[in-house]
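Asks: Need a 3D model of the following:
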Amino acid sequence: MATPEPIPGRAWLALAVASATVVIIILDSGFVSLAFPEIETEFATTDRSTLSWISSGYFIAMASLMLITGRLAERVGVRRVFLGGLATYAFGALTMAAASTPILIIGARLVQGAGAAALTPVSLAIALREFPVSRRSTAIGGWAVIGGLSGVVAPTAGAVVIDAFGWRAPFVLLVGLLLGVAFAAVRVLDADVSTDEPSPVDIPSVPLAIAAVGSAALVLTKVRDWGVDDVRIPVFILLSLAAGTFLLRRSRTAPGSLIDLGLFSIRSYSIGSVASVFTQIGFFSFFFTAPLFFTEVWGYSVLAAGLALAFHQAVSAVVGLPLGRVADRLGLRQIVGFGGLLVGVSFAWMLVFVDTEANLVLAILPAFFVGGIGTMANGAFSTSIALREISDDALARASSGYYVTRRLASGLGVVVGTAILGDSAGPESLNDFKAVWVFSGLCYVTSGLAAFRDRT
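Replies: Residues are numbered from 1 along each chain as shown. So this is what the prediction gives:
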């Protein structure tokens, strides 16, 4: 077996700076969820459907702008877009902390979503281009570990800060963290190389991308509030399809279109993207409904439900970096493929052993241990498959397209999971939760089987 290429120390510094944005985005998500009850109380005269735009507006802005920021990074440089994303996110967080009306809060969240649209694809590109191609799975493993640990810490950190200082305080903290990351980025990241012929951007593709992706994201986030029979749902679906069709047509001929169809001729990029879509649908259909299972069927408190799910996330975080090293040595298809099958096994265990009587030790912990390993192996390293053969100058563009599909798939997973569950409540809803687990398990198995088709 060949000796793995060494990883320069500079690469780890770049990874630390880039992945700090993952920590901030996850913290922010936790802060908003925990702050929402206090926001509702402060603005009691505003109905909940309006305040729900605090979350959905962020998601829509992030998804609809990501294709644009990926192409923009190729034109002006990934470092500039990264720093611009940090500044945008900080401005949104500061506005959030000072907002005196619900409209300002929603506007601040839209600004934060725009910042996240710049940071998500570009930060991964910044990290990966510093690593040898043969060691990029190690980088993604480290990236996933940081994200997993942040997911475990975020709820506790948010609860402590909000309880002590109120719902605005965490967003002031975010501004300080963002400024610290910006300072480190200026010191660590190389300046962008100027070119006499910058990468073009097809201007007509910009509104088409916003309409296509933004309308799809709007449907996914609002269908539960509006209902499937609301006339706005088919209108926005048709708008998304029409804009998407025109966008794809321009992508075939227009220089600088926001979607590079040539990327999909790279087999690994197509396989990794397909595997990731099924992973995201399966993960969010389960994880979004899991707290309801613990509270409705087993009668757990919200805190106990959170701790049970934190065990799953903690297992994933612990195994991330070792799995990355194994993937670099043995190959990605085995890691991602068997990871998907492992998650399927974990859901099968729950189907057999979970009953209306709480039995955490036998029915859940073994499943969450196996499922946590499989979730990391399958979910994180499908990204490695997708981006493995992408050249450094195309990483931002490829990452943006890849992450748009992931974000939309995550929204679809939430919609499907809640649709399967319906209005069920109490111990008699167990079979509905098991139906969600069957669906999620099938998604993961499909993702794993897709990964086995990667022969590179």
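
Asks: contacting residues around the residue nearest to Trp53 when sequence neighbours are not counted?
Replies: The spatially closest residue to Trp53, leaving aside those adjacent along the chain, is Ile106, at 4.7 Å (C-beta to C-beta, 6 or more residues apart in numbering). Quick note: C-beta positions are derived from backbone N, CA and C, even for glycine. Ile106 makes contact with Thr50, Trp53, Ile54, Gly57, according to C-beta atoms under 8 Å, 6 or more residues apart in numbering.

Asks: nearest to Phe36, of the residues you listed?
Replies: Of all those, Ile54 has the smallest distance to Phe36: 7.0 Å, by C-beta to C-beta.

Asks: And that closest one, how far from Thr418?
Replies: When C-beta to C-beta, to the nearest Å is the yardstick, Ile54 and Thr418 sit 19 Å from each other.

Asks: any weak-confidence spans in the stretch 301-450 of the chain?
Replies: 424-425 (pLDDT under 70).

Asks: what do you get if the cut-off is 90, keeping everything else the same?
Replies: Applying pLDDT under 90 to the stretch 301-450 of the chain picks out residues 301-314, 316-335, 379-408, 410-429.

Asks: Would you map the helices across it?
Replies: Per DSSP state H, counting those that start in this stretch, the stretch 301-450 of the chain carries helices over the ranges 302-330, 332-353, 365-387, 395-421, 430-451.

Asks: Name the single longest helix found in the chain.
Replies: helix 9-42 (DSSP state H).

Asks: Closest one of the contacts of Ile106 to Ala398?
Replies: Nearest to Ala398 among these, with distances taken as C-beta to C-beta, is Gly57, at 26.8 Å.

Asks: just checking, next helix/strand downstream of the host helix or strand of that closest one?
Replies: For Gly57, the enclosing helix or strand under DSSP states H and E is helix 53-76. For helix 53-76, the succeeding helix or strand toward the C-terminus, using DSSP H and E, is helix 78-98.

Asks: Please name the nearest non-neighbouring residue to the most centrally placed residue in the chain.
Replies: Nearest residue to the geometric centre of the chain (C-alpha atoms, centre = their mean): Arg407, 5.8 Å. The shortest distance from Arg407 to any non-neighbouring residue, by C-beta to C-beta, 6+ apart, is to Ala63 (4.6 Å).

Asks: wait, that neighbour sits on Gly214?
Replies: Yes - using C-beta atoms under 8 Å, Ala63 is in contact with Gly214, at 6.9 Å.

Asks: So for the two, which residue has more residues nearby?
Replies: Applying other C-beta atoms under 10 Å to Ala63 and Gly214 shows that Ala63 carries more neighbours, namely 29 against 20.

Asks: who's in contact with Leu421?
Replies: By C-beta under 8 Å, 6+ apart, the contact set of Leu421 is Thr289, Leu292, Ser429, Asp432, Phe433, Val436.

Asks: need these in a markdown table with distance to Phe283, can you?
Replies: A markdown table is the format used below for the contacts of Leu421 (distance: C-beta to C-beta, whole Å):
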| residue | distance to Phe283 |
| --- | --- |
| Thr289 | 11 |
| Leu292 | 16 |
| Ser429 | 21 |
| Asp432 | 19 |
| Phe433 | 16 |
| Val436 | 12 |
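
Asks: any idea how far Ala358 lies from Pro322?
Replies: 32 Å.

Asks: Then Ser410?
Replies: Distance, Ser410 to Pro322, using C-beta to C-beta: 26 Å.

Asks: Compare these two (neighbour count), which wins?
Replies: Comparing Ser410 with Pro322 by other C-beta under 10 Å, the one with more neighbours is Ser410, at 22 against 13.
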